[in-house]
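Student: Build me a model from this:
(one chain, ligands or ions: 1)
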Amino acid sequence: MMRLRSPLARAAMGTLWVAAFVACEDDDDSDDQPIPGWEWSDEQVFETVNAVRAGRSLQPDAWPGGARVAVLLSFDVDNETIALRFGEPTVGALSQGEYGARVALGRVVDLLDRYEIPASFFIPAMSLRINPQMADVIKRSGRHEFAVHGWIHEMNTQLTAEKERELLVRAIDYLTEVAGERPVGYRAPSWNFSPNTLSIIRGLGFTYESSLMADDRPYEILANGEPTGIVELPVEWILDDAPLMNPLGTRYSTPRDVLQVYIDEFDRAYQESTMFLLTMHPHYIGHRSRMVVLEGLIDHIRAHDGVWWATHRAAADYAREQAGLPLP
Ligand SMILES: [Zn+2]
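Tutor: The predicted model follows:
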């Protein structure tokens with residue numbers, strides 16, 4: 001008989017994802033090996049790809065006011081939680097995160113507020129608990145959105161369903177208290193779903209999600225082929241400052257080169273009349289040499305007519321309404 005071994009396999013029990021993590025009969029855990037895709041049955045492949053998949057496009061014909069493109073700026077305020085989440089923080093890494101709250105967030109919000117640009121702030125609850133003064137900075141204009149980004153940037157793929165849900169409930173409660181209203185947007189830490197994430201966020205009243213990558217336009221998420229009513233606002237690693245602007249990473253690019261990537265992405269979104277969603281992190285983009293990127297991008301976009309700057313919530317609500325999609 002085959003047995004399940006890895007924590008992910010145990011978490012996935014009840015779905016066919018277990019198929020990838022079954023192990024042979026002996027008791028040596030070192031034998032745990034994924035079964036390669038070429039050994040899977042068609043049924044296993046289709047059940048796996050259909051567990052969470054893109055449904056119909058929710059791209060409206062035009063955005064409010066007849067705008068041809070929606071521009072959505074996200075800031076994932078991770079700060080110290082990146083160093084804390086695996087339980088081995090170093091003083092140096094914590095200080096790098098601390099910069100996000102101490103210097104960068106104010107710099108970013110000042111720029112947004114100067115141009116009256118709304119943005120969405122996805123914040124691990126613990127990041128805000130460590131630096132509660134960030135709430136007032138974000139709330140100052142009344143224009144920005146608070147949204148959920150886990151409790152402490154936990155890796156949901158390593159959690160049981162119970163633990164994943166419990167941490168999310170705590171995060172929602174804390175953000176509700178700070179923001180004065182219940183958040184409706186979810187972004188998974190590190191942009192991945194466990195086998196339980198979709199059903200958990202459906203049960204917690206989120207109306208939109210922003211961690212998946214199947215389109216550049218908003219779409220409805222399907223669960224096992226069935227519509228969920230949840231709007232996906234898709235992201236992409238090339239539209240994220242973290243991988244390209246980490247000087248210790250393997251894909252480091254100079255900020256001005258990254259600006260050109262963002263401009264090219266925006267220009268094509270404008271041509272195609274869709275959506276431009278950019279994810280940034282204050283502790284990356286908020287450094288002096290990177291603010292050049294954000295300022296340059298905003299200047300470039302502002303030189304165009306027919307741009308709708310929106311929070312993720314506003315864009316998801318509008319796309320839902322135009323598509324006649326009922327709330328989940
Ligand atoms: Zn994050």
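Student: quick one: the strands in the chain?
Tutor: Ranges of strands within the chain are 3-4, 22-23, 52-57, 69-76, 120-123, 145-148, 185-186, 208-209, 219-223, 226-232, 275-280, 307-310, based on DSSP state E.
Student: The stretch 1-150 of the chain against the ion: which residues are in contact?
Tutor: Selection of the stretch 1-150 of the chain residues close to the ion by C-beta under 5 Å from the ion yields 76, 78. Backbone N, C-alpha and C define where each C-beta goes, glycine included.
Student: Got the domain ranges for this structure?
Tutor: The record's domain parsing of the chain by automatic domain parsing lists 3-50, 53-323.
Student: follow-up on the earlier one: would you mind finding the most buried of the strands of the chain?
Tutor: Comparing the strands of the chain by mean neighbour count (mean count of other C-beta atoms under 10 Å), strand 120-123 comes out on top with a mean of 29.
Student: Please work out the average pLDDT along that strand.
Tutor: Across strand 120-123, the average pLDDT comes to 98.
Student: Paired strands for it, with orientation please.
Tutor: Strand 120-123 has the following strand partners under DSSP bridges: strand 69-76 (parallel), strand 145-148 (parallel).
Student: if we can go back for a sec, I'd like the strands of the chain written out as a markdown table, with distance to Arg85 added.
Tutor: Shown next, in a markdown table, are the strands of the chain (distance: least, C-beta to C-beta, whole Å):
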| stretch | distance to Arg85 |
| --- | --- |
| strand 3-4 | 25 |
| strand 22-23 | 27 |
| strand 52-57 | 23 |
| strand 69-76 | 13 |
| strand 120-123 | 14 |
| strand 145-148 | 15 |
| strand 185-186 | 17 |
| strand 208-209 | 20 |
| strand 219-223 | 25 |
| strand 226-232 | 24 |
| strand 275-280 | 18 |
| strand 307-310 | 30 |
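Student: And Ser30, what's its pLDDT?
Tutor: Confidence score, pLDDT, at Ser30: 53.
Student: residue ranges for the helices of this structure, please.
Tutor: All helices of the chain, identified by DSSP state H, fall at 7-11, 42-50, 81-84, 91-99, 105-114, 125-130, 134-139, 161-179, 197-203, 241-245, 255-272, 282-285, 288-302, 312-323.
Student: Could you look over those and pick the most buried one?
Tutor: Among these, helix 282-285 has the highest mean neighbour count (mean count of other C-beta under 10 Å), at a mean of 26.
Student: on that earlier part again, out of the strands paired with strand 120-123, which is closest to Val261?
Tutor: Of all those, strand 69-76 sits nearest to Val261, with 15.4 Å by C-beta to C-beta.
Student: Now that closest one - C-alpha only, PDB.
Tutor: Only the C-alpha atoms of strand 69-76 are listed here, as PDB (Å, rounded to 0.1, in the frame of the first residue of the first chain):
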ATOM      1  CA  VAL A  69      -6.800  51.300 -18.700                       C
ATOM      2  CA  ALA A  70      -7.000  50.700 -14.900                       C
ATOM      3  CA  VAL A  71      -3.800  51.300 -13.000                       C
ATOM      4  CA  LEU A  72      -3.600  49.400  -9.700                       C
ATOM      5  CA  LEU A  73      -0.600  50.000  -7.400                       C
ATOM      6  CA  SER A  74      -0.100  47.400  -4.600                       C
ATOM      7  CA  PHE A  75       2.300  47.800  -1.700                       C
ATOM      8  CA  ASP A  76       3.000  44.600   0.300                       C
END
